[in-house]
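In: I'll drop the sequence and a predicted model, then ask my questions.
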Amino acid sequence: MATLVVAAAALTTAIAGTVSAPTHAATAPLDGSTLSIRVAHTRIEAGDTTLIRGDLHVRGGQDSSGRTVTLEARAQGATSFTPVGTSVSGALGGVALEVAPTVSTRYRWTYAGDAATRPSRSGVARVRIVVDQHHPRRVMTSLSVRAAHRVVDADGSVLVRGRLRTHGIGLRHRTVSLMSRQIGARTAWQVMDQRLTDAFGAVQFQVRPTARSAYRLRFDGTPVFRPSHSGVVRIAVRPVVTAVATPRWIDPGATATVSGVASLAGQPLAGTTVDLVARPTGRHGSRQVVASGLTAADGSVTLTDTPVVSTVYRLVVRHSAGVPPGASPAVRVKVCTGCGSGTMVS
């Protein structure tokens, strides 16, 4: 009987504890993240630079792009890592930062996470500073560069190609850096990308300049091959030109007005000569300048013509120093008797 009483008391306590236990809303688990790290050149001379790369991957189907990742460094003799820069992850989660250590240094990437993602940290990569490796016996190299086009549209891209050679023979599987700077901005050369040469020593990069830019290629050399760099190619960006014709229907000999705005690198193109180029509808080979004018401070321009037949017009920015030519989309003005009054006569 004593055993039954004790068991009943224990059961009562368990039920009471179950009923009185507070309930907590379930917290959604955070998605995990991972970071990798790699170094373009693990051994460099003092004063040289190298590129620290990494890849951020967020689990759970989240987008890995647009996230700020911090590069931390611990120089030789230091006891802890300190932040030295940040990089925003690209479309595939890639991050990169150029460094120029003066002593051998260890690096790692750190991601702080957010409300839906756990923080993460990469492994550690080491960059060693070595004594001047230049040696008179190292083999000479040469590096060429060329651009597929010297002028691109505002939203266009172009290939920059090069070939790394030694004594006329292509050097395969060597790292070549693409360097860039905006013309006129007085900025230093920046490493934009790095690629390996193919079996023939060739390498190519796709670039999307937003303003007039200069590009060159650089090979940092190896213990066997001497470093080299290419010449410079300059790529300009065409201005953006809009055009609107008013009215769209006129009588023969009436005035047609074509207005538009010209801009370059997102800024109004002021004081630039713009031509109004016309051709009769259906005659694709015949074009002529029927009016010209200068753009205003806001890049706008308005030009007129008195066509006697239906005509297609474009506003064309003339080539000038630092400004390549650019044309608007075509606009059409229909000419017919009675069009202007609303009563068309065939």
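Out: It's in.
In: where in the stretch 201-346 of the chain is pLDDT low?
Out: Where the stretch 201-346 of the chain drops to pLDDT under 70, the residues are 340-346.
In: Could I get the buried residue list for stretch 244-262?
Out: Buried residues in stretch 244-262, counting neighbours by 16 or more other CB atoms under 10 Å, are found at Ala245, Trp249, Ile250, Asp251, Ala256, Val258, Ser259, Gly260, Val261, Ala262. The way it works is simple: take the backbone N, C-alpha and C, and place the C-beta from them, glycine included.
In: List the single closest residue to Pro329 in space, sequence neighbours excluded.
Out: Ala243 (6.4 Å; CB to CB, 6 or more residues apart in numbering).
In: Same question for Val333.
Out: Nearest to Val333 is Ala256, by CB to CB, 6+ apart, at 4.4 Å.
In: Specify the beta-bridge partners of the one you found.
Out: Beta-bridge pairing of Ala256 under DSSP bridges involves Asp305.
In: Can you tell me how far it is from Arg248?
Out: According to CB to CB, to the nearest Å, Ala256 and Arg248 sit 9 Å apart.
In: okay, and the common contacts of the two?
Out: Each of Val333 lies in contact with both Ala256 and Arg248 under the rule CB atoms under 8 Å, 6 or more residues apart in numbering.
In: The residue nearest to Pro329 - how many residues pack around it?
Out: 21 (other CB atoms under 10 Å).
In: do Gly299 as well
Out: 23.
In: same question, the one 4 residues further on
Out: When neighbours are defined as other CB under 10 Å, Leu303 has 20 of them.
In: Just list the residues touching Gly293, thanks.
Out: Going by CB under 8 Å, 6+ apart, the list of residues near Gly293 reads Thr273, Val274, Leu276, Val301, Thr302, Leu303.
In: Could you identify the buried members of these?
Out: The neighbour count (16+ other CB under 10 Å) marks Val274, Leu276, Val301, Thr302, Leu303 as buried among these.
In: hey, C-alpha coordinates of the host helix or strand of the first one in CSV?
Out: Just to be clear, that refers to Val274. Using DSSP states H and E, Val274 maps to strand 273-280. Extracted as CSV, the C-alpha positions of strand 273-280 are listed here (Å, rounded to 0.1, in the frame of the first residue of the first chain):
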residue,chain,number,x,y,z
THR,A,273,27.9,69.7,-80.9
VAL,A,274,24.9,67.5,-81.9
ASP,A,275,23.8,66.9,-85.5
LEU,A,276,20.3,66.1,-86.6
VAL,A,277,20.8,63.4,-89.2
ALA,A,278,17.9,62.6,-91.6
ARG,A,279,17.0,60.1,-94.3
PRO,A,280,13.8,59.7,-96.2
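In: Could you name the helices and strands sitting against that strand?
Out: strand 256-264, strand 288-294, strand 300-305, strand 311-317 (3 or more CB pairs under 8 Å, 6 or more residues apart in numbering; DSSP states H and E).
In: neighbours around Ala46, how many?
Out: Neighbour number of Ala46 under other CB under 10 Å is 12.
In: Pull up the gap between Arg208 and Met192, please.
Out: For Arg208, the distance to Met192 - CB to CB - is 10 Å.
In: For the contacts of Gly293, give me a markdown table that also has distance to Gln76.
Out: Formatted as a markdown table, the contacts of Gly293 follow (distance: CB to CB, whole Å):
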| residue | distance to Gln76 |
| --- | --- |
| Thr273 | 60 |
| Val274 | 60 |
| Leu276 | 67 |
| Val301 | 61 |
| Thr302 | 66 |
| Leu303 | 67 |
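In: Name the nearest residue to Met140, ignoring sequence neighbours.
Out: Of all residues not flanking Met140 in the chain, Arg226 sits nearest, at 5.5 Å (CB to CB, 6+ apart).
In: ok, what's across the strand from Val207?
Out: Those that pair with Val207 in a beta bridge, by DSSP bridges, are Val158.
In: One more: Gln190?
Out: Counting by DSSP bridges, the residues bridging with Gln190 are Ser180.
In: quick one, what contacts it?
Out: Going by CB under 8 Å, 6+ apart, Gln190 touches Glu98, Met179, Ser180, Arg181.
In: coming back round to it: can you verify my assumption that the residue nearest to Val333 contacts Trp249?
Out: No. Assessed by CB atoms under 8 Å, Ala256 is found out of contact with Trp249, at 9.7 Å.
In: Common neighbours of those two, please.
Out: By CB under 8 Å, 6+ apart, the residues touching both Ala256 and Trp249 are Val333.
In: Show me how this structure divides into domains.
Out: Here the domain parsing of the chain from automatic domain parsing is 33-130, 142-237, 240-335.
In: rewinding a little: relative to strand 256-264, how tilted is the strand holding Val274?
Out: If you take axes from the mean of the first three to the mean of the last three CA atoms, to 10 degrees, strand 273-280 sits at 130 degrees to strand 256-264.
In: And the helix or strand encompassing Gln194, what's buried?
Out: Assigned by DSSP H and E, Gln194 falls within strand 190-196. Buried residues in strand 190-196, counted by 16+ other CB under 10 Å: Val191, Met192, Gln194, Arg195.
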